[in-house]
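**Q** here you go, sequence then predicted model.
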Amino acid sequence: MNAIQPAKAYTIVFEEYPKYIYALVHGEEYGYDVLRGFLREIADECRNRGFDRVLVEENISATASEDDVFRIATEMRELGFADIRLAYIDRFQEQQEINEFGENVAVKNGVDVRVFSDREEADRWLSSDN
């Protein structure tokens, strides 16, 4: 008997660049389970393709709660980002404050992550050898 898998609340489009993977995440729903799902999938894709850098661009209009962001940010290493440099862009700039909160928590937990509002700036950071 085959169990029917529920549809994911997001889709991810991956592209390879010389030094990193670009992951564009589309979706309508948000929250802890959605964040955990797409971040784990992205970390797995980085490992499968041999990359240690990723640019995640999020195109989800819904907003996660501060509790969900805090929880995910403290789990980033366990989700696979212990050795992956992560640049993060949210297409919805009104979510910048919560994203910066998540960045601060993740950095304090040993993750190399930065939130950007500009893709060119994120590309420069990911492509540099610093």
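**A** Nice, thanks for sending it over. Just so it is clear, the model here is predicted, and its values are computed rather than measured. Residues are numbered from 1 along each chain as shown.
**Q** check contacts around Thr63.
**A** 30, 92, 95, 98 (Cβ atoms under 8 Å, 6 or more residues apart in numbering). C-betas here are computed from N, CA, C, even on glycine.
**Q** for the longest helix anywhere in the chain, list the C-alpha coordinates in PDB.
**A** Longest helix of the chain, by residue count under DSSP state H: helix 32-49. Below are the C-alpha coordinates for helix 32-49, written out as PDB (Å, rounded to 0.1, in the frame of the first residue of the first chain):
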ATOM      1  CA  TYR A  32       8.200  26.400  11.200                       C
ATOM      2  CA  ASP A  33       7.400  23.300   9.100                       C
ATOM      3  CA  VAL A  34       7.700  25.100   5.800                       C
ATOM      4  CA  LEU A  35      11.000  26.800   6.800                       C
ATOM      5  CA  ARG A  36      12.400  23.600   8.100                       C
ATOM      6  CA  GLY A  37      11.400  21.700   4.900                       C
ATOM      7  CA  PHE A  38      12.900  24.100   2.400                       C
ATOM      8  CA  LEU A  39      16.000  24.800   4.300                       C
ATOM      9  CA  ARG A  40      16.800  21.100   4.800                       C
ATOM     10  CA  GLU A  41      16.100  20.500   1.100                       C
ATOM     11  CA  ILE A  42      18.500  23.300   0.100                       C
ATOM     12  CA  ALA A  43      21.200  22.100   2.500                       C
ATOM     13  CA  ASP A  44      20.900  18.600   1.000                       C
ATOM     14  CA  GLU A  45      21.100  20.000  -2.500                       C
ATOM     15  CA  CYS A  46      24.300  21.900  -1.700                       C
ATOM     16  CA  ARG A  47      25.900  18.700  -0.400                       C
ATOM     17  CA  ASN A  48      24.700  16.600  -3.300                       C
ATOM     18  CA  ARG A  49      26.100  19.100  -5.800                       C
END
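**Q** contacts only, for the closest residue to Gly80 other than its chain neighbours.
**A** In space, and not counting its chain neighbours, Gly80 is closest to Ala43: 2.7 Å by Cβ to Cβ, 6 or more residues apart in numbering. Taking Cβ under 8 Å, 6+ apart, we find Ala43 in contact with 54, 79-81, 84.
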